[in-house]
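*Asks:* quick one: sequence and predicted model below, then my questions.
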Amino acid sequence: DAIYAENTNIWQRKLVLIPVFYLLLGFCISFPFVAQRQYLRRTLHVNPSGQGAVLGVLIQFPWFIKLLFAFLSDSVPICGLRRKPYCAIGVVLCGAAWILLGVLPRTTPAVFCALSALATLGLVVADVMVV
């Protein structure tokens, strides 16, 4: 064990990618929160209790079903692969949802909620596949 510890390079790609992924994941979860709250309040005119329901429950729901995506990826491989396609699907899903939120003109609270939940779903799917 001591010999192995001396020869381990902490800058190996596989040792750096996971902390970088979780740093970016934390940023993607935390950074838009203030903007989402302000958009709900100023543009969509959602009251504070509605904001709490949207931001606290509906958008965070995919985190509650995270385990299902782990089982799905282990049981249903895509093209013989169990992790990479699901990770790519999650990243594309998240990116597409954020792009649609930015491109669409003034939306309804339902559309905002659905696209935000879809973005979170993409993050969750990608998160499950990394570890």
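*Replies:* Nice, I can see it.
*Asks:* contacts, neighbours, all on C-alpha from now
*Replies:* Will do.
*Asks:* quick one: least confident helix or strand in this structure?
*Replies:* One helix or strand of the chain scores below all others by mean pLDDT, DSSP states H and E: helix 2-7, with a mean of 58.
*Asks:* what residues of the helix or strand that that helix is followed by count as buried?
*Replies:* As assigned by DSSP states H and E, the chain's next helix or strand after helix 2-7 is helix 13-38. For helix 13-38, a neighbour-count test (16 or more other C-alpha atoms under 10 Å) marks Leu25, Gln36, Arg37 as buried.
*Asks:* skipping adjacent residues, who's closest to the last one in space?
*Replies:* Read it as Arg37. Closest residue in space to Arg37, ignoring its immediate chain neighbours: Gln51 at 6.8 Å, by C-alpha to C-alpha, 6 or more residues apart in numbering.
*Asks:* give me the number of residues near that neighbour?
*Replies:* Using other C-alpha atoms under 10 Å, Gln51 has 19 other residues around it.
*Asks:* give me the number of residues near the closest residue in space to Ala114 that isn't next to it in sequence?
*Replies:* Spatial nearest neighbour of Ala114, excluding adjacent residues (C-alpha to C-alpha, 6+ apart): Ile59 at 7.9 Å. Using other C-alpha under 10 Å, Ile59 has 20 neighbouring residues.
*Asks:* and if you look at Trp11?
*Replies:* Trp11, neighbours per other C-alpha under 10 Å, totals 9.
*Asks:* give me phi/psi at it?
*Replies:* Main-chain dihedrals, Trp11, degrees, to the nearest 10: phi -100, psi 20.
*Asks:* next one: Gly80
*Replies:* The phi/psi pair for Gly80 (degrees, to the nearest 10) is phi 80, psi 0.
*Asks:* cool, and Ile10?
*Replies:* The phi/psi pair for Ile10 (degrees, to the nearest 10) is phi -70, psi -10.
*Asks:* what spatial separation is found between the residue nearest to it when sequence neighbours are not counted and Tyr86?
*Replies:* Counting by C-alpha to C-alpha, 6+ apart, Ile10 lies nearest to Val16, which is 7.5 Å off, once chain neighbours are set aside. Applying C-alpha to C-alpha, to the nearest Å, the value for Val16 to Tyr86 is 21 Å.
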